[in-house]
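Undergrad: no sequence on hand, only this structure:
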Ligand SMILES: O=c1[nH]c(=O)c2[nH]c(=O)[nH]c2[nH]1
């Protein structure tokens, strides 16, 4: 039997990265999901099992990070994808074509009091407002309002130090890292607020203020735990009719990336969603029974 191999390609899929450009105190952040695919003279690999001259998909993945680091000025996905495609074709004689597909997450700079935040981002349009109501024959009405899928990120003003170290601990202590989370929060009302919309706005602003801090300079977070506690306190302080706040915050890790042949310079991160830390708590006014996770 005679065979033909009319098409073959190989590449790396879903290489996720964060790229931060620091312009003094003002940071520019993007998160990309990069897919590479190359056409190359590699029939002999498929047909004969001979890998000579092959640009490994692992090499392609490393190159995704290297080229991201080399983009020294804040750039678009178009400029980045062109640079990456040209790199593959110009570097490897057997590569005849590079096909690069990039998706950019909708991280959008947060406005705090009308000012663009130095280093704080939210994922545009993802959060949902929630409510859970119960009413019984005795006339008891319970209203628990909240939000879910509020994705927040800051490129600095976060660290994690002083934790227990033993033979299973490898995590370095850091005082400058990306902190990112997708917040789920509920708060139970003891009384009806004058306006549910205004109470919701105040609660959400309380979450943003504790996570991001002011537009200029932000606020330092020593842990997701401490930030979560302050986010909940802000709701109790600003929404007097609330009595109990539940917060769940995954710690979405952006791992410093050392691109091959280069070192991490607070610029390129491996973006991950799994595994992730998961931090949650209920914070109440003293003496008030906590409400449960819904
Ligand atoms: O803010 C953090 N809290 C943790 O509990 C934790 N654990 C971890 O590995 N990193 C972090 N960061």
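TA: It's in. Just so it is clear, the model here is predicted, and its values are computed rather than measured.

Undergrad: what pLDDT is listed against residue 293?
TA: At residue 293, the model reports a pLDDT of 58.

Undergrad: residues near whatever residue of the stretch 51-200 of the chain ends up closest to the ligand, how many?
TA: Going by C-beta to the nearest ligand atom, the ligand is nearest to residue 160 of the stretch 51-200 of the chain, at 4.1 Å. Placement of C-beta: from N, CA and C, glycine included. Residues near residue 160, counting by other C-beta atoms under 10 Å, number 19.

Undergrad: next, the contact list for the closest residue to residue 95 other than its chain neighbours, please.
TA: If the residues on either side of it in the chain are set aside, residue 95 comes closest to residue 40, at 4.6 Å by C-beta to C-beta, 6 or more residues apart in numbering. Counting by C-beta atoms under 8 Å, 6 or more residues apart in numbering, residue 40 touches 10, 53-55, 92, 94-96.

Undergrad: same check on residue 95?
TA: 38-40, 55, 88-89.

Undergrad: repeat that for residue 30.
TA: Counted by C-beta under 8 Å, 6+ apart, residue 30 has contacts 18-19, 77, 104-105, 107.

Undergrad: residue 181 pairs with what?
TA: residue 152 (DSSP bridges).

Undergrad: for residue 43, see how far away it is.
TA: 48 Å (C-beta to C-beta, to the nearest Å).

Undergrad: quick one, which of those two is more surrounded?
TA: More crowded of residue 181 and residue 43, by other C-beta under 10 Å: residue 181, with 25 against 12.

Undergrad: hang on, the more buried one packs against residue 252?
TA: Yes. Look at residue 181 against residue 252 with C-beta atoms under 8 Å: they come within range, at 6.0 Å.

Undergrad: for the stretch 51-200 of the chain, what spans make up the strands?
TA: 95-104, 107-112, 115-123, 128-135, 141-154, 179-189 (DSSP state E, counting those that start in this stretch).
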